[in-house]
Every structure is written in C-alpha cells, then in structure tokens.
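Sequence and predicted structure are below.
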Amino acid sequence: MRKKVLVFLVVILAISIVVAGSLLFIFPYEPTNPPTADDSGSTQEGIQQVVDANNQFAFGLYNSLSENETGNLFYSPYSISTALAMTYEGAEGQTAEEMKTVFHFPEFEILRPNSAAIYNLINKNNKDYELSTGNALWVQYDYPFSENYTSRVENYYGGKAAEVDFVGETEKSRQTINEFIEKQTKNKIVDLISQGMLSPMTRLVLTNAIYFKGDWVYEFDEGETRDREFSISENEKINVPTMYMKSEDIELNYANLEKLQILELPYKGNDTSMLIILPKQGNFFDYEKGEQEGVYYTLEDINLSYEKLEEYKSQMNETKLAHIILPKFKFETEYLLNDVLSSMGMPTAFDQVLADFSGMGEMTNLVISKIIHKAYIDVNEKGTEAAAATAVIMQVRAAFGGENFEADHPFIFIIQEKETGEILFMGRVADPTQ
C-alpha cells in the first residue's frame, strides 16, 4: 500500500512540474480577442495630439529609411510607435527625453488615455472590414519588473504580460512569441523574431501586431487587368500586372497639384481608405495657361512631411476621373530599426552604459538590444490585406570587466614558456594583412 501511495505521489509531482512549466508559456490572452484599454479621460483634442505625434513619426521614419533603402518601402508607423510607447513607459532621464523627441510623444496624461482610445477604436467590431491590433509583454518569469509598470502597460495599451523563460528555454520562448504574432496577423507575419535574436540575457520582449483587410468601395474589374508599362526611372521600364477602372461616373476625393496628383480610394465601411501620392509625369493640361504642359517629377521632387500631407489633403475635392490604373502589388518588408532610430535621435536607449529603463523596476538593468519590424501588403482588384508586427527586445546589460583591450593598431607579441619565462617566439604585427 505504502508503495502504491509513493508511486501516486511521484506521478502527481511529475504532473505538477509539467503543468507548472507549461504555465510559463501560455499566451497573455486569446490572440484574436485583445483586451480593452482604459480610455477614460480621453478627448477629441487629446486623440488628435496622439495622432499628430504618430503621423509626424511616420514621415520622419520614411525620410530616414529612404536615405538607405532604394527599393520598396512598407511599414506600420502605428505598430512601431505603439511598441515604443510601451517601452517609453519604463524609460527615465535622457533615454526618455530622446524617445519622446523621436516619437513626438505628448505628456503622459495625454498619451495614455488617448492611445487607449485609438487602440479601442481600431479594435471596434465592424462587419465591412477587418482591423485589429494587439499588444503584449513577454517577461522573464523571475525578473523583478515593477507591478506599477506592467499594470500601466496593460491598462492603457492592452499589453498584458505573459511569463516565459528566456534564460532556460530561449528557443521555446521565441517560438511562443512568434506563434502569438502569427495568430494575430492571420499568418501574414511569420517568424517575426528569427533564431538567434533572443538569448539567455533577454528579459523582456514588447510586441505589437496589427492586421487589416478591406474591400474597395469601387472594385477594379479583374477582366480589365493586364500587363502595362511601369517606369522605374526615366530610362528603365518594365511590364507589370495593372488594374483598370473606368471611373467617369464615380466621385472620388482627388487633387491635381503642381508636382503631384493625390487620390483617395475608400474601403467599404468608409472608415478606412488608401491615399496615393503620384508625382506628375507626362503631359497635363494647364488650365491657367490654356495649354498642354510636359512635366517629369519623381518622388525626390515631392516634399513629404505630415504638414505637407495635410496641405495636400486640404486641396482635395470630390472629382470624376475618366479612369484609374493601379498596379497590383504584393510584398513583404523587414527592418532592424536600431540604427535608423539611433540616427533619428534616440541612441541612448541602445547604449550599454547610458540606457535608463529604471521605470520598469528599481532592480532592472535593461537596454534595448533589437527593434524588429515586419510588414506585409497585398493590393488587388478586390481590396487590400495588410499586416505588421514590431518586437522590442530588451536584455540585461553586458558585464564589463574594467578597461577594454582592442588590438586595432600595431603591437608586439611574445610566446613564452610560462614556468621559466623563457621567450620562445617574439614578433611585431604592423599590418595583419601582409
């Protein structure tokens, strides 16, 4: 009898250990059902301030990425700004000041309730289109994060915390986070955090995911889609599948300005739309001069900023266009944002010595190791599907052993017999390549 009881207790203990271990890897909430954030205290004016901040960052990031990226660009400024707002909640001192400047964050009493209001608005149920976003904190289960910090993130950003084990189960932690993001984005953002990006030094990963799927109010006729010429540059042209819409009976928001045309294509529900800013190329009729005028502008000629966009939008009117052609496009992008955000004005958050995230807890000793962003878009005759996700990976600072030794200039070397100190070989390295 005693033996049976002992076996039973061993089995129960084993099951308890397995269950306890598995609890470290459960999702913070059902991925497709994000929690509601506390938007009490939000105002229309406050919402506009947060929107203005996010949109100013959007164009700042666009200009910074454009300096180094020559191909397609696509990202979600909302996703990046939201993930970094949750990180900013734990920043102090110079680290916080730099993040505030880069992201144009207003004061916390405005940022918190109005970020919550925007988050809740995105997640409202709508039968005409799909739009959702979700935030999460993935915390090392035994690391001393401040409850004050984690509760702020949950209350105002819906960012519930889930316990994982970066130290003992690094790969399992990575897979859990990636699986959560995949479910939030309907499998459009896969493997957000690549193998090797997390380490036993990781203590916190903050994530945001956003997903959108909407049909055009005025769909393009698939039968009219065919290969058309697309000018990559003045001297390089390619053929791409291009959609066509006869639109002379449709009124669309549009403006024909000096250097560009701007068009708004609405999605069903009329809560969302796509703005297309097109540099003018070819022959256009100048109504003031009463004559045709040949022009050739590129994106480099267009002044792009949030203020300019508002100016362009203010000049748009309901207009009947003869037709619209738009290439079908579908692509994915991936960015490691450390360098670009540092260059935009927040290097301290990545600095092993100067980073200050003490707002996450008095005993924390964290620095941002990586900020990853992935995005997906598919534009076709029926509408648009888009998704994006951002991960801010934070780790404990590397241990420093006093002074550095960097052999990056000529040096002498000696090979000795240790017990006697006899010099066996001796030399000098003046040029390692010779």
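Perfect, thanks for sending it. Residues are numbered from 1 along each chain as shown.

Could you check stretch 172-192 and say which residues are buried?
Of all the residues in stretch 172-192, those buried under the rule 16 or more other C-beta atoms under 10 Å are 173-174, 176-178, 180-182, 184-186, 188-189, 192. Every residue, glycine included, has its C-beta placed from N, CA and C.

In TSV: these, plus pLDDT.
Rendered in TSV, the data for these read as follows (pLDDT from 0 to 100):
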residue	pLDDT
Ser173	97
Arg174	98
Thr176	98
Ile177	98
Asn178	98
Phe180	98
Ile181	98
Glu182	98
Gln184	98
Thr185	98
Lys186	98
Lys188	98
Ile189	98
Leu192	98
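
Those in helices, which ones?
Within these, residues falling in helices by DSSP state H are Ser173, Arg174, Thr176, Ile177, Asn178, Phe180, Ile181, Glu182, Gln184.

what are the ranges of the helices in the stretch 101-250 of the chain?
Here the stretch 101-250 of the chain has its helices, by DSSP state H, counting those that start in this stretch, at 108-122, 147-157, 170-184.

Can you read off the pLDDT for Phe411?
Here the pLDDT value assigned to Phe411 is 55.

any residues touching stretch 303-313, and which ones?
Here stretch 303-313 makes contact (C-beta atoms under 8 Å, 6 or more residues apart in numbering) with 52, 55-56, 58-59, 62-63, 255, 257, 260, 262, 275, 277.

Do a quick rundown of the strands in the stretch 201-350 of the chain.
In the stretch 201-350 of the chain, the strands defined using DSSP state E, counting those that start in this stretch lie at 202-215, 226-231, 237-246, 252-256, 260-266, 273-279, 281-286, 291-296, 317-319, 323-327, 329-336.

Go through the first one and flag the buried ones.
The reference is to strand 202-215. Of the residues in strand 202-215, 202-214 count as buried by neighbour count, 16+ other C-beta under 10 Å.

got it, and the fifth one?
When burial is assessed from 16+ other C-beta under 10 Å, strand 260-266 yields the following buried residues: Leu260, Gln261, Ile262, Leu263, Leu265, Pro266.

measure the residue lying closest to Glu381 once chain neighbours are set aside to Ile250 for me?
Leaving aside its chain neighbours, Glu381 sits nearest to Phe220 (4.0 Å; criterion: C-beta to C-beta, 6 or more residues apart in numbering). Here Phe220 is placed at a distance of 12 Å from Ile250 (C-beta to C-beta, to the nearest Å).

between those two, who's got more neighbours?
Higher neighbour count among Phe220 and Ile250: Phe220, with 24 against 14, using other C-beta atoms under 10 Å.

what residues are up against that one?
With C-beta under 8 Å, 6+ apart, Phe220 has these contacts: Met243, Tyr244, Met245, Leu326, Asn380, Glu381, Lys382.
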